[in-house]
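Colleague: Any chance you could fold what I've pasted below:
(one chain, ligands or ions: 1)
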Amino acid sequence: MQLSERHPAGLFPEEIEAFLSEAGEPAYRARQIFTWLHRQAVPSFSEMTNLPRELIEKLEERFQSPWPLELVTSRTSADGTEKYLFALSAGGSIETVLLPEEERDTVCISTQVGCAMNCSFCATGRSGFQRDLSAAEIVSQVLFVQRRLKAEDRQLTNIVYMGMGEPLANYAAVLRSVRLINHPLGMNLGARRITISTCGLAPRIRDLADEDLQVNLAVSLHAATDPERSAIMPIGRVYPLAELLAACDYYTARTHRRISYEYALIDSLNDGPEQAERLGNLLKGRLCHVNLIPINPVGEETRPSAKRIAEFARALERTGIPVSIRRERGTDIEAACGQLRQRTLEGCR
Ligand code: SF4
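Modeller: Numbering: from 1, shown residues only. Sure thing, here's the model as predicted:
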């Protein structure tokens, strides 16, 4: 266990037990605390009403709050998207986004403070990397949103690891958080409702395939040739497409899950019909789906016209690959990864 996994929100019941025994408390309290944290999503220890006062005081003294983060600001978009900026008690700030829809409520969570992957079209990539999040910090984003939804008699149905950071670069904490979210005494959200995204860390995709989890995998491609991909995603120089797709094939073979390939459309860069055709040929015969994402403008890179996006989708469809175009959400609230944090750090609140 990482040293940082000392917060109860990042611990399994048997690990909370160890903390309790150091504090001279009975072991059975661990299950109660775990349930309060992960099923009830309570925001304060004092709401754990079946715990004795002395234990609540010990917990408050040691951890202050059940969640190692605090809301700094939030924004709600005209389309209902809610974006939260959190300050972490251990330092740094992160973003979390709630995407409410009629049939489901999805939360998009962060896994690192900043990101080292430096993709050219990404506000987070431009802000640099500070540190990995602990599992407690990852899970607490989910708990905060769950609490928020419970107040309206709703509950989270889906979780996507697509916020700030590269999830597979923080592998151990991300996996721990998935298992906590999945835990039968806690939220008990099925792995099939969880999607982990990656910019293409091929060896970690293979590790994930061997975990015996049924999580969905979303792989950011954004180009169908190595030179084009490496120009916007430096990771492409480390893991070329052949190596990346071989790891993805391994993931499909082990899990039988359909992979979602993400393709951010950037005007005049990767949005031509011939590029769509190349992408289709690259993915032909694979159990997959392509999700086209018109980028939120960052720096000099801009979004293609609606006509060009539709042409790209049609050209890709003609190759037999299932395609969807991601609906724009929250563009009025800096919904692209890292934008609200960047604005806030710059003082443009
Ligand atoms: S797109 Fe994802 S992997 Fe790339 S820099 Fe941004 S957060 Fe990191």
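Colleague: what residues are up against the residue most central in space within the chain?
Modeller: In the chain, the residue lying closest to the centroid (Cα atoms, centre = their mean) is residue 161, at 1.6 Å. With contact taken as Cβ atoms under 8 Å, 6 or more residues apart in numbering, residue 161 is in contact with 109, 111, 167, 174, 194-197. Just so you know, the C-beta spots here come from the backbone N, C-alpha and C atoms, and that holds for glycine as well.
Colleague: Which pLDDT value belongs to it?
Modeller: Model confidence at residue 161, given as pLDDT, is 97.
Colleague: quick one, phi/psi of it?
Modeller: phi -90, psi 80 (degrees, to the nearest 10).
Colleague: what bridges to it?
Modeller: Beta bridges link residue 161 to residue 196, judged by DSSP bridges.
Colleague: likewise residue 82?
Modeller: Counting by DSSP bridges, residue 82 is bridged to residue 76, residue 98.
Colleague: I figured it hits residue 76, correct?
Modeller: Yes. With contact defined as Cβ atoms under 8 Å, residue 82 counts as touching residue 76 (5.1 Å).
Colleague: ok, the two, which is more surrounded?
Modeller: A count of neighbours by other Cβ atoms under 10 Å puts residue 82 above the other of residue 82 and residue 76, at 19 against 14.
Colleague: Contact partners for residue 253?
Modeller: By Cβ under 8 Å, 6+ apart, the contact set of residue 253 is residue 209.
Colleague: All the strands of this protein, residue numbers only.
Modeller: Applying DSSP state E to the chain gives strands spanning 69-76, 82-88, 93-100, 105-108, 112-114, 129-132, 158-161, 194-198, 216-220, 259-265, 288-294, 323-325.
Colleague: List just the one of the ones you listed that sits closest to the ligand.
Modeller: Nearest to the ligand among these is strand 216-220; the distance by Cβ to the nearest ligand atom comes to 6.6 Å.
Colleague: residues making contact with that closest one?
Modeller: For strand 216-220, contacts defined as Cβ under 8 Å, 6+ apart pick out 119, 160, 162, 192, 194-200, 205, 208, 233, 244, 248, 251, 255, 257-262, 264, 291.
Colleague: near the ligand at all, that strand?
Modeller: No. If you take Cβ under 6 Å from any ligand atom as the test, strand 216-220 misses the ligand, and the best it gets is 6.6 Å.
Colleague: Residue numbering should commence at 28 henceforth.
Modeller: Got it, the first residue is 28 from now on, which makes the last one we talked about strand 243-247.
Colleague: Direction included, what does that strand pair up with?
Modeller: With DSSP bridges as the test, strand 243-247 is paired with strand 221-225 (parallel), strand 286-292 (parallel).
Colleague: and those as CSV, adding distance to the ligand, mean neighbour count and mean pLDDT?
Modeller: Listed next are the strands paired with strand 243-247 as CSV, based on distance: least, Cβ to the nearest ligand atom, whole Å; neighbours: other Cβ atoms under 10 Å; pLDDT from 0 to 100:
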stretch, distance to the ligand, mean neighbour count, mean pLDDT
strand 221-225, 7, 22, 97
strand 286-292, 8, 22, 96
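Colleague: Which among the ones you listed is found nearest to residue 125?
Modeller: Comparison of those against residue 125 by Cβ to Cβ identifies strand 221-225 as nearest, at 15.2 Å.
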